[in-house]
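Trainee: okay, predicted coordinates and the sequence, questions at the end:
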Amino acid sequence: MMLKKILAILFGLAFLSFVAMQYNDPDPAVWMVIYGISALVCFLAAFNKASHFILWGAVILCIGGGIYMWPEKYEGLSVGGGNIKNIEEARESLGLLMIAVVYTSFILLDKYSQRSRKTAEQLQKAKWA
């Protein structure tokens, strides 16, 4: 499906840019690896090389991590108005949840594509019957 391929490549490039932005993070290596792997999985998904098992596993891990990382008190995402620890945790949590949404969209697009193919095949058979 062309839409999935385009989205996967765009999100892969976005996650690569996130890798570059982690250099000033308090724990850059961890987040560079997380976003780097996320970019790799996006590129694999673009060419149908990421299994749904891997995608679902990553979705579950990212949702769990996003919930675990959620700050005690949400104070927004921009520095200047609150405790930097809470802001950093909110950003990290939302980053993981964003990865989960992206991977879920790949799974759903695959399911939609499979259903569309089956419907087209059924229509073709009915046309020739």
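Mentor: Right, received. Where do you want to start?
Trainee: quick check: V79 touching I87?
Mentor: Yes - with contact defined as Cβ atoms under 8 Å, V79 reaches I87; the gap is 6.0 Å. Bear in mind the C-beta positions are built from the backbone N, C-alpha and C, glycine included.
Trainee: if you count surrounding residues, which of these two has more?
Mentor: The neighbour count for V79 versus I87, taken as other Cβ atoms under 10 Å, is higher for I87 (19 against 11).
Trainee: which stretch of helix or strand covers the residue nearest the centre of the chain?
Mentor: In the chain, the centroid-proximal residue (Cα atoms, centre = their mean) is I99; its distance is 2.6 Å. Element membership of I99, judged by DSSP states H and E, is helix 84-128.
Trainee: next one, pLDDT for the residue nearest to the centre of the chain please.
Mentor: Looking at I99, its pLDDT is 98.
Trainee: quick one: low-confidence ranges for the protein?
Mentor: Regions of the chain meeting the criterion pLDDT under 70 cover residues 1, 115-129.
Trainee: run a quick neighbour tally on Q114.
Mentor: By the criterion of other Cβ under 10 Å, Q114 has 11 neighbours.
Trainee: make 42 the first number, not 1, from now on.
Mentor: That works, and once the first residue is 42, the last one we named lands at Q155.
Trainee: name the nearest residue to D66, ignoring sequence neighbours.
Mentor: Using Cβ to Cβ, 6 or more residues apart in numbering and skipping residues adjacent in sequence, the residue nearest D66 is W72, 5.5 Å away.
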